[in-house]
Structures are given as structure tokens and as C-alpha cells.
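Engineer: Predicted structure and sequence below. I'll ask about it afterward.
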Amino acid sequence: MMARLATGVLVNALIRRAEGAGGSAMVLAKGDATAGAVLLLLVERGANPRFFERGLGPDGGAALIRSGPQLFADDGEVTAYWQRRRARDSDLWVIELDIADGERFAAETMTLN
């Protein structure tokens, strides 16, 4: 059995990498530091919001998986979606990541183990 990184460590690594690459990352909701799930809100220059989360890929390893609605009418719907998810899971981290090619960037960090 392989040890997993604590969620807080993974989130901190993502934030530091994003800032180091010229992007930004913000914790919208802090979850359980040890084993909380992570919901990522990816945007590019504040536009094109989409959600991803860490899950299991087809090979059984960690993968970044698209979640939530594909289109949002406005920013209020984006906020409402993650707040509903958070209301059902108080251990959930919600991270907004604003960087070019955010899906690839997040996958490089979030699928480390």
C-alpha cells in the first residue's frame, strides 16, 4: 500500500507552483488537512469556469476528473455549485486556480500519488 500526501500539503504545493508559474491560486474553502477531497475551479484570466476533482482514472491511479455543469450562466451559478458541494462535505477543499492550461497544470500536481 502506497502512502498518500496529506491534502493540505498537496494544496500548498499547487498554490506555490501556480504562483511560481505566474498564475494565481486561492483557497475558497478550507477542508480537512489530512484527507479532505479537493474541488478545483479552473479559470483563465477569470473566464471559462470549469470544475475538476481528484479521483481514480481508468488505470486505478490518481487522475483529474471533470465535474459539475459544463456551462454556467453567470458567476453566481459557479459560486452556488461549489457552495452546495461544500454544504454536503465540510471536509472539501475548494481551490480557484487561474492559470493558462489549468487542467494540465493541476493534473501535474494533483495526481502525484
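Structural biologist: Nice, I can see it. Residues are numbered from 1 along each chain as shown.
Engineer: so who does the residue nearest the centre of the chain touch?
Structural biologist: Centre of the chain computed as the mean C-alpha position; nearest residue by C-alpha atoms, centre = their mean is residue 40, 2.1 Å away. Residues near residue 40 by C-beta atoms under 8 Å, 6 or more residues apart in numbering: 51-53, 64, 95-97, 102, 106, 110. In short, each C-beta sits where N, CA and C put it, glycine included.
Engineer: Could you pick out the longest strand of this structure?
Structural biologist: The longest strand of the chain (DSSP state E) is strand 47-56.
Engineer: Now the element after that one, going C-ward?
Structural biologist: Reading on from strand 47-56 to the C-terminus, the next helix or strand found by DSSP states H and E is strand 62-67.
Engineer: tell me the angle of that next one relative to strand 47-56?
Structural biologist: Here strand 62-67 points in a direction 130 degrees away from that of strand 47-56 (axes from the mean of the first three to the mean of the last three C-alpha atoms, to 10 degrees).
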